[in-house]
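K.L.:
I'd like to go over a predicted model; first the sequence, then the structure.
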Amino acid sequence: MPEPKVVELLVHGVGGATPNEQLDDPSPARVSGDGTVGFYRHKGPLPSENLDVVSESSAAARAGVVQEAYCWGGLNSATASRAAWILLVPFTLVNAACWMRSAGPADRLGRAGKALHEGAARLLALSLTGLFLLAAGGVATDMIGWQCAGRAECGSRWSVLEFLSRPDSWAHPAGRRLALTAIVPLIVLGVLWYLARRSWVAYESVRFRVDVAEGDSGLSAPGFWEGEFQVGRLRTLHVSLGVVTVALMLTVPAFTVDASPGWGAAVFGAVLVVLGLLVVATAVQGSTRGFPGVGVLRSASFAVLAASVVYVLAPHEWPGAGHRLPGFGTLLMLWVAAQLVLIGALFVAAILTGRASRGQMLRGFVAPVFAAVGTFSGVAYSAALLTRISDWLGSTRDGSGTLLARPPAVVSWSAVAFGLEVLLVALLGLFLLVRVTWSVRRNWRGVLDEYQVTATTDETPGSGPVPAISSRARAQAKKIVRMRAIADLTDSAGRYLALLILPLVLLGIYGVVTTLTHWATPPTPATYSVQYVNPVPGAVNLLYNAGSWVVGATALGLVWLLSQAYRNLALRKVVGVLWDLGTFWPRAAHPLGPPCYGERCVPELVARISKLTEQGHGVVVSGHSQGSVLAAATLLKLPAAQAERVALLTHGSPLQRLYGRFFPAYFDAAELEALAGRLPRWRNLWRETDPIGGPIAAVERHGALADPLRFFPDEHEVAYPPIRWHLDYPLDPAYGEELAAAADAVRQDSGV
């Protein structure tokens, strides 16, 4: 049995940190874990010269503890292939929205609101999988297989498509072209299934190997970090939905052109029945319960796909070249309409569950707003893909300018929506710039008073107060105020997000209704410049042109970002930050998105801390930023006997400022107070210049740390002290003081 000690367990935040950076050691030793995620220590005693880098109080505190670093950054940026997860951001956003609900009252309406929220979130995630498959099918089946390959000119322009477009080719008949090109969305579905299956084995299959605390709800609920059952069943349902979506893309066109469908009506009806059962099965899917017969539904989905292939290959009265794929545009619009209905259901659920909530972002309506962001991101991806492929295929060579393939009407509406979004973002950026500038002009003199910077005589030493406030001193004061003003914007982030997304929702509703009811022609430059002459259509035309540019730039930007992230480690870490922020939560809504690193990290941290405390060591968990969220989730699952030997020191923590407001059912004041009550000591450090970290009421003992620590450089420096905002909390003397106090607390409780 090793001699009992106090272990300072460092848990870094987003973006990853190497063991060398955390421990300030060129060659630390791994004591647990693997090459992706591990615990590291110094090979020998920490050299005294390294201790001088931090404050004297931190050096004195660390002289009596053993440092150990938990490095989990390898889960997001270890390999270049993980940069591809950026393409699945819509899945991530909708999955996060599933967790953005209030705990709600315990009455009947509260329980109904919770069930409605979870069911609607899962169905919205399911619809996004279908939207991605519809986009892939729109490219392959509609634009290439139907529109482009329906013209002989397509093959002469693109030799790879000649076997489809040549009139005497065996593949040229319309039904065969549709069936062959439907393989493309099935390949996309197969890739999504493979990635989800592989990450499921690596993440969700991780189990707790030691005893854990189990509560009635929240993060301590039984099985919360063990999603193997739920994610596995959801994956099956999403793959089945993808198969049924492809069946719809084949059945709807044939059913639309048939004057007397006959047995086609039976095929179409069977597809709709399987689709309805998949919707019901997904809505009722829970963490420990599921719809019976999911395997049967999977077999049924492949059966109706086979039937739809047979049906589309049968003779039909297909229209000639120059038409869009019959029924596809309507199918796509109905799909988007269903997504808007589900966003509305989340809004109703927020009313039911948010009645007893306080301090939430957007008064409890953050879930439908975030879900709308994820949905419109998926629409943006789809529109960008369809637009770029249409441009890539080109136009006919007869001088008419007719496109070989035109995207569906929803792309035109998307272009108008994103043109409007460009305008809104520009206006919002201008407003925020004015707000920050006004704050700087109004408050910079107050910073001089705060740091007691006063004008004195000429004999004052250069490192102290100055005869007149110099330009450098004014610039330092303004920089401090500017950083504080920017940090304050975080508290209004939800409001600004709602202002950006609400017009898109309203325009989406208008576009769906007018297109499906034929109230108006979908907006295009031609319809608005030729059919109308009043100023409003002219403005819409301008928005359409701007939005088309944005949609095209989005497609090219994604390709560039993905290619650069594969080669550039620094950019890959930025992508990893996005993953860190979006994938803390289990995949309870979308099983095909990036995996939840919490399902690997929390069991691993629980096991390590349990081992240390069972050996008689006291543990001080030092969590920075997202690391503090991991630490809190871990300590909520730690048994009471082990928790009594663990102190928590958080710094730059978003636990209350962001997680408590975005995810109140899991990080509200009551949950944080319960965690504080389980530990011998918990202290939190934060700064007014930090845009992420903030105070935690349950453990608050003092105000914000000064940033910078002093206004002027000392006598051995020339540059003004840096503003550290969200970084370098261990360099502050307060960190060393709190570390020493935490070490004393666990020494007393563990008898070290």
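P.N.:
Perfect, thanks for sending it.
K.L.:
distance from the chain centre to stretch 631-644, please.
P.N.:
The chain centroid and the centroid of stretch 631-644 are separated by 27 Å under Cα atoms, centre = their mean, to the nearest Å.
K.L.:
kindly export it (C-alpha atoms) in CSV.
P.N.:
The C-alpha trace of stretch 631-644 is given here as CSV (Å, rounded to 0.1, in the frame of the first residue of the first chain):
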residue,chain,number,x,y,z
ALA,A,631,-15.6,16.9,-12.5
ALA,A,632,-19.1,17.8,-11.3
ALA,A,633,-20.6,15.0,-13.3
THR,A,634,-18.0,12.6,-11.9
LEU,A,635,-18.4,13.6,-8.2
LEU,A,636,-22.2,13.3,-8.5
LYS,A,637,-21.7,9.6,-9.4
LEU,A,638,-19.0,9.0,-6.7
PRO,A,639,-20.2,7.0,-3.6
ALA,A,640,-20.6,9.1,-0.4
ALA,A,641,-17.7,7.3,1.3
GLN,A,642,-15.3,8.3,-1.4
ALA,A,643,-16.8,11.8,-1.9
GLU,A,644,-15.9,12.7,1.7
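K.L.:
and it, what's buried?
P.N.:
Under the neighbour-count criterion of 16 or more other Cβ atoms under 10 Å, stretch 631-644 has 631-639, 642-644 buried. For glycine as for every other residue, the C-beta is placed from the backbone atoms N, C-alpha and C.
K.L.:
repeat that for stretch 354-372.
P.N.:
In stretch 354-372, the ones that count as buried by 16+ other Cβ under 10 Å are 354, 357, 360-362, 364-372.
K.L.:
same check on stretch 335-344?
P.N.:
Those would be 335-340, 342-343, for stretch 335-344 by 16+ other Cβ under 10 Å.
K.L.:
want to throw these into TSV with distance to residue 271, pLDDT and secondary structure?
P.N.:
As requested, the buried residues of stretch 335-344 are exported to TSV (distance: Cβ to Cβ, whole Å; pLDDT from 0 to 100; DSSP: H, G, I helix; E, B strand; the rest coil):
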residue	distance to residue 271	pLDDT	secondary structure
335	14	91	helix
336	19	89	helix
337	18	89	helix
338	16	92	helix
339	20	92	helix
340	23	92	helix
342	21	95	helix
343	25	93	helix
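K.L.:
may I have the phi/psi pair for residue 262?
P.N.:
phi 60, psi -120 (degrees, to the nearest 10).
K.L.:
distance check, it against residue 318.
P.N.:
16 Å (Cβ to Cβ, to the nearest Å).
K.L.:
ok, these two, which is more surrounded?
P.N.:
residue 318 (18 against 10; other Cβ atoms under 10 Å).
K.L.:
returning to what we had before: farthest-separated two in the buried residues of stretch 354-372?
P.N.:
357 and 372 (19.9 Å; Cβ to Cβ).
K.L.:
now residue 648. Its backbone dihedrals?
P.N.:
Torsion angles, degrees, to the nearest 10, at residue 648: phi -120, psi 130.
K.L.:
count of neighbours near it?
P.N.:
With other Cβ under 10 Å as criterion, residue 648 counts 27.
K.L.:
excluding chain neighbours, what is closest to it?
P.N.:
residue 682 (4.3 Å; Cβ to Cβ, 6 or more residues apart in numbering).
K.L.:
tell me the contacts of that neighbour?
P.N.:
647-650, 675-676, 698-699 (Cβ atoms under 8 Å, 6 or more residues apart in numbering).
K.L.:
going by distance to residue 436, which of those residues wins?
P.N.:
Nearest to residue 436 among those, with distances taken as Cβ to Cβ, is residue 650, at 27.5 Å.
K.L.:
my reading is that the closest one lies in a helix. Confirm?
P.N.:
No - counting by DSSP: H, G, I helix; E, B strand; the rest coil, residue 650 is not found in a helix; it is strand.
K.L.:
all helices of the stretch 551-700 of the chain, in order?
P.N.:
With DSSP state H, counting those that start in this stretch as the criterion, the stretch 551-700 of the chain has helices at 569-582, 598-614, 626-637, 640-643, 660-662, 664-667, 669-678.
K.L.:
picking that back up, with pLDDT and secondary structure added, can I get the buried residues of stretch 354-372 in CSV?
P.N.:
Output for these, formatted as CSV (pLDDT from 0 to 100; DSSP: H, G, I helix; E, B strand; the rest coil):
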residue, pLDDT, secondary structure
354, 74, coil
357, 59, coil
360, 78, coil
361, 78, helix
362, 78, helix
364, 79, helix
365, 85, coil
366, 86, helix
367, 88, helix
368, 90, helix
369, 89, helix
370, 88, helix
371, 91, helix
372, 90, helix
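K.L.:
low-confidence regions, the stretch 251-400 of the chain specifically.
P.N.:
Scanning the stretch 251-400 of the chain for pLDDT under 70 picks out the ranges 287-291, 321-322, 355-359, 396-400.
K.L.:
quick one, helices of it?
P.N.:
With helices called from DSSP H, counting those that start in this stretch, the stretch 251-400 of the chain shows them at 263-284, 294-313, 328-353, 366-393.
K.L.:
just name the most buried of those helices.
P.N.:
When the helices of the stretch 251-400 of the chain are scored by mean count of other Cβ atoms under 10 Å, the highest mean neighbour count falls to helix 366-393 (a mean of 24).
K.L.:
if we can go back for a sec, among the helices of the stretch 251-400 of the chain, which is nearest residue 228?
P.N.:
Using Cβ to Cβ, the nearest of those to residue 228 is helix 294-313, at 14.6 Å.
K.L.:
and the angle for that closest one with helix 263-284?
P.N.:
Helix 294-313 and helix 263-284 are oriented at 150 degrees to each other (axes from the mean of the first three to the mean of the last three Cα atoms, to 10 degrees).
K.L.:
counting contacts, what elements does helix 294-313 pack onto?
P.N.:
Here helix 294-313 is seen to pack against helix 174-181, helix 228-257, helix 263-284 when contacts are counted using 3 or more Cβ pairs under 8 Å, 6 or more residues apart in numbering; DSSP states H and E.
K.L.:
so who does the closest residue to residue 593 other than its chain neighbours touch?
P.N.:
Closest residue to residue 593 apart from its sequence neighbours, by Cβ to Cβ, 6+ apart: residue 91 at 3.3 Å. Counting by Cβ under 8 Å, 6+ apart, residue 91 touches 125, 128-129, 374, 590, 592-594.
K.L.:
cutoff 7 Å now
P.N.:
125, 128, 590, 592-593 (Cβ atoms under 7 Å, 6 or more residues apart in numbering).
K.L.:
which of these sits closest to residue 496?
P.N.:
Closest to residue 496, out of all of these and judged by Cβ to Cβ, is residue 128, at 23.8 Å.
K.L.:
tell me which helix or strand the closest one sits in.
P.N.:
helix 108-137 (DSSP states H and E).
K.L.:
residue 366 contacts residue 494, doesn't it?
P.N.:
Yes - counting by Cβ atoms under 7 Å, residue 366 touches residue 494, with 5.5 Å between them.
K.L.:
lowest-pLDDT helix or strand in the chain?
P.N.:
Every helix and strand in the chain was compared by mean pLDDT, DSSP states H and E; the lowest is helix 525-530, with a mean of 41.
K.L.:
leaving out the residues flanking it, which one is nearest to the residue minimising distance to the centre of the chain?
P.N.:
Central residue of the chain (Cα atoms, centre = their mean): residue 582, 3.4 Å from the mean position. Nearest residue to residue 582, sequence neighbours excluded (Cβ to Cβ, 6+ apart): residue 92, at 4.0 Å.
K.L.:
I'd assumed residue 583 was in contact with that neighbour.
P.N.:
Yes - counting by Cβ under 7 Å, residue 92 touches residue 583, with 6.3 Å between them.
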